[in-house]
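# Sequence and predicted structure, then a few things I'm wondering about:
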Amino acid sequence: PHNVLVHVTGGQYAYTAVFNASDKKHRSAYAGVNEVGFAIMNNLSYNLAEGNYTSVVNGRVIADALATCRTLDDFQRMLDEWQKPRNIEANFGVADAFGGAAYFEVGDTKVVRFDVEPGGWLVRTNFSLAGRPHEGSGMARYETAQYLMAKHPEKYTPEFLIDGLGRSFYNWELGADMLSAAPAGVAVDLDFIPRTTSVSSVCIEGVGAGDDAASSVIWTAIGYTPGCYAVPVWVAAGEQIPDFLLPEAGSERGSAPANLLAEEVLHHVHPADRDAAGKYIDFRRLRPVLAAVRAAESVETEAGKALDSRMRKQFDLAAVRAYNAEASARFARFRTEMQALMAAPDVIRDGSLAPDLLARLADAARDIPERTAGRFLSQDPYKASLNAAVAAAMDTACTLFVPSKGITDQDESGRCWLFSTLNILRAEMIDRYQMGPFQFSQTYGQFYDILEKANRCLENVIAHRNEAMESRYNTWLFNKPIGDGGHFANAAH
């Protein structure tokens with residue numbers, strides 16, 4: 001889907017909503033919030049009506065509601081007065097500025113309202129609880145959302161709802177997060193909350209007591225959610241929307257730049273084509289993409305929340321303009337970096353020896369002359385690989401001399417990590433304080449290193465005390481419980 005975020009005026013209330021880019025008259029919205037704090041979104045349902053309806057009429061309901069409704073009861077009346085049969089089969093999630101929130105399950109002739117209890121929450125996917133039993137779609141996604149919502153111990157935030165839910169690859173039927181569980185890196189893209197058909201992820205933060213009703217924020221990740229990040233848009237800002245959420249100038253479809261980039265990511269992480277197009281997701285490609293998206297989103301979240309806390313009491317249009325300009329500059333950098341990431345070889349993306357890399361290495365090996373291979377078989381490998389021309393051209397003169405005033409010798413111990421660290425410090429001390437030859441005590445450092453290793457070993461013994469002595473872990477642990485090897489980090493800390 002190709003989408004944009006638009007601010008619409010001309011009705012009883014102005015509002016900001018997500019639209020299909022082809023909907024130039026803005027008659028069919030996906031989700032949005034108006035200037036009096038009324039917010040609405042919807043899910044298609046497949047077990048309410050006898051017909052096979054599309055989202056077009058649902059979108060008209062949303063657009064009309066945003067333009068005319070102030071409360072949940074206003075929306076209820078609008079549905080009751082809608083011409084019947086409604087040609088609607090959908091679940092509408094609605095909230096207002098007076099603390100009300102509900103799901104309306106709407107069919108051709110019937111409306112069933114489910115109000116959210118104070119402090120509670122409701123979830124819907126592509127079926128209705130009041131509809132025909134055991135029919136519909138999205139049951140596994142519904143269970144996944146229920147599970148993730150229930151296990152989240154903290155306050156629900158836009159970050160959790162968009163990232164913790166919208167980018168979750170937990171599969172209820174399998175009882176596993178496939179992002180970390182897929183052993184081969186590729187899995188069937190089925191029953192995850194983010195789908196290839198997802199148009200966007202939206203979280204609308206309403207208003208609380210004492211807040212300006214127009215200070216509602218619509219956090220919008222427009223497009224395939226794993227490939228785009230959420231930014232805040234204030235309804236009171238009107239047409240002041242970050243330009244990467246608006247129709248891109250010169251775009252054939254009129255899509256937002258963020259949506260177009262998300263579409264590139266969608267195809268990148270679903271590389272199979274022809275009859276398998278979109279059916280398999282490559283988690284090896286997705287993981288670095290998600291890391292970049294989450295890093296970008298954390299920046300927007302921090303900046304957006306800081307500004308929003310000010311906007312709740314006194315709106316500042318100039319501050320919004322400044323934020324939007326900075327956010328647009330950040331997106332431009334993000335798009336360049338993301339496209340470079342997707343263009344990089346697979347080995348750079350996840351560190352594994354991907355098939356395309358192995359194929360390139362095999363091709364390169366075929367170009368090695370047979371006589372070169374023979375040299376390696378008949379000579380010392382170092383001499384065979386030496387390029388005399390390169391060696392002759394090498395400049396062995398020192399450009400930086402570090403005064404050492406004596407060599408320290410680790411003898412036959414494995415303490416190179418400790419000696420090298422102390423020698424760096426020693427050179428600095430000699431230079432800074434004009435000192436003569438001296439050494440830091442390697443024995444002193446080694447004593448505390450062995451003390452820490454002994455403690456770690458004993459802690460591991462306690463942690464694995466219920467395992468058999470011949471288990472793989474205990475075999476490794478007792479094979480060499482304390483050694484003198486280490487790394488720079490051992491000395492630095």
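Thanks, I have it. Numbering: from 1, shown residues only.

# didn't E173 look like it was pressed against D191?
Yes. Checked against C-beta atoms under 8 Å, the pair E173 and D191 is within contact range at 6.0 Å. For glycine as for every other residue, the C-beta is placed from the backbone atoms N, C-alpha and C.

# overlap in contacts of these two?
A140 (C-beta atoms under 8 Å, 6 or more residues apart in numbering).

# in a helix, that's where L290 is, yeah?
Yes. The assignment for L290 (DSSP: H, G, I helix; E, B strand; the rest coil) places it in a helix.

# Once you drop chain neighbours, what's closest to it?
P226 (5.9 Å; C-beta to C-beta, 6 or more residues apart in numbering).

# Touching, that neighbour and V265? I think so.
Yes. In this structure P226 lies within contact range of V265 using C-beta under 8 Å: 6.8 Å.

# Can you check which residues contact both of these two?
V289.

# what about the strands in the stretch 51-200 of the chain?
Taking DSSP state E, counting those that start in this stretch to define them, one finds strands in the stretch 51-200 of the chain at 90-95, 101-106, 111-115, 170-171, 176-177, 186-188, 200-205.

# could those strands go into a markdown table alongside mean pLDDT and mean neighbour count?
Output for those, formatted as a markdown table (pLDDT from 0 to 100; neighbours: other C-beta atoms under 10 Å):
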| stretch | mean pLDDT | mean neighbour count |
| --- | --- | --- |
| strand 90-95 | 95 | 24 |
| strand 101-106 | 96 | 22 |
| strand 111-115 | 96 | 15 |
| strand 170-171 | 92 | 22 |
| strand 176-177 | 89 | 12 |
| strand 186-188 | 86 | 16 |
| strand 200-205 | 93 | 24 |
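
# With distance to L161 as extra columns, can I get these in a markdown table?
Output for the strands of the stretch 51-200 of the chain, formatted as a markdown table (distance: least, C-beta to C-beta, whole Å):
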| stretch | distance to L161 |
| --- | --- |
| strand 90-95 | 12 |
| strand 101-106 | 14 |
| strand 111-115 | 19 |
| strand 170-171 | 15 |
| strand 176-177 | 17 |
| strand 186-188 | 24 |
| strand 200-205 | 5 |
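
# Tell me which of those strands lies nearest to D431.
strand 176-177 (52.5 Å; C-beta to C-beta).

# Which strands and helices lie in contact with that closest one?
Secondary-structure packing of strand 176-177 (3 or more C-beta pairs under 8 Å, 6 or more residues apart in numbering; DSSP states H and E): strand 170-171.

# what's in contact with the strand it packs on?
For strand 170-171, using C-beta under 8 Å, 6+ apart, the contacting residues are A140, T144, Y147, L148, A176, D177, M178, L190, D191, F192, I193.

# Go through those and name the one nearest K25.
Looking across those and measuring by C-beta to C-beta, the closest to K25 is I193, at 31.3 Å.

# In helices, which of the contacts of strand 170-171 fall?
In helices, judged by DSSP state H, the following of the contacts of strand 170-171 are found: A140, T144, Y147, L148, M178.

# and the closest residue in space to A277 that isn't next to it in sequence, how many neighbours?
Excluding its sequence neighbours, the residue lying closest to A277 (C-beta to C-beta, 6+ apart) is H270, at 7.0 Å. By other C-beta atoms under 10 Å, 20 other residues sit near H270.

# any idea how far H270 is from E205?
32 Å (C-beta to C-beta, to the nearest Å).

# now A306
Taking C-beta to C-beta, one finds A306 at 14 Å from E205.

# C69 against F75, yeah?
Yes. At 4.9 Å, C69 counts as touching F75 under the criterion of C-beta under 8 Å.

# what touches both of these two?
Common neighbours of C69 and F75 (C-beta under 8 Å, 6+ apart) are F38, I40.

# and N43, what helix or strand is that in?
Per DSSP states H and E: N43 is located in strand 39-44.

# Let me know which of the strands of the stretch 51-200 of the chain is the nearest to A340.
strand 186-188 (23.1 Å).

# Quick check: chain neighbours aside, which residue is closest to M41?
Distances taken as C-beta to C-beta, 6+ apart put A31 closest to M41, at 3.6 Å, once the chain neighbours are dropped.

# For the one you found, give its distance to K84.
In terms of C-beta to C-beta, A31 sits 25 Å off from K84.

# now swap in E412 and tell me
91 Å.

# Check which residues of the host helix or strand of M338 are buried.
Element membership for M338 (DSSP H and E) is helix 317-343. When burial is assessed from 16 or more other C-beta atoms under 10 Å, helix 317-343 yields the following buried residues: V320, Y323, N324, A327, S328, R330, F331, F334, R335, M338, L341, M342.

# closest to R287 among those?
L341 (11.1 Å).

# State the distance from T197 to V61.
From T197 to V61 the distance is 20 Å (C-beta to C-beta).

# ignore the last one, A21
A21 is 20 Å from V61, by C-beta to C-beta.

# Burial check on the residue nearest to L290, number of neighbours?
P226: 27 neighbours (other C-beta under 10 Å).

# can you pull the contacts of the residue of the chain positioned farthest from its centre?
What lies farthest from the middle of the chain is G436; by C-alpha atoms, centre = their mean that is 55.0 Å. Going by C-beta under 8 Å, 6+ apart, G436 touches K405, I430.
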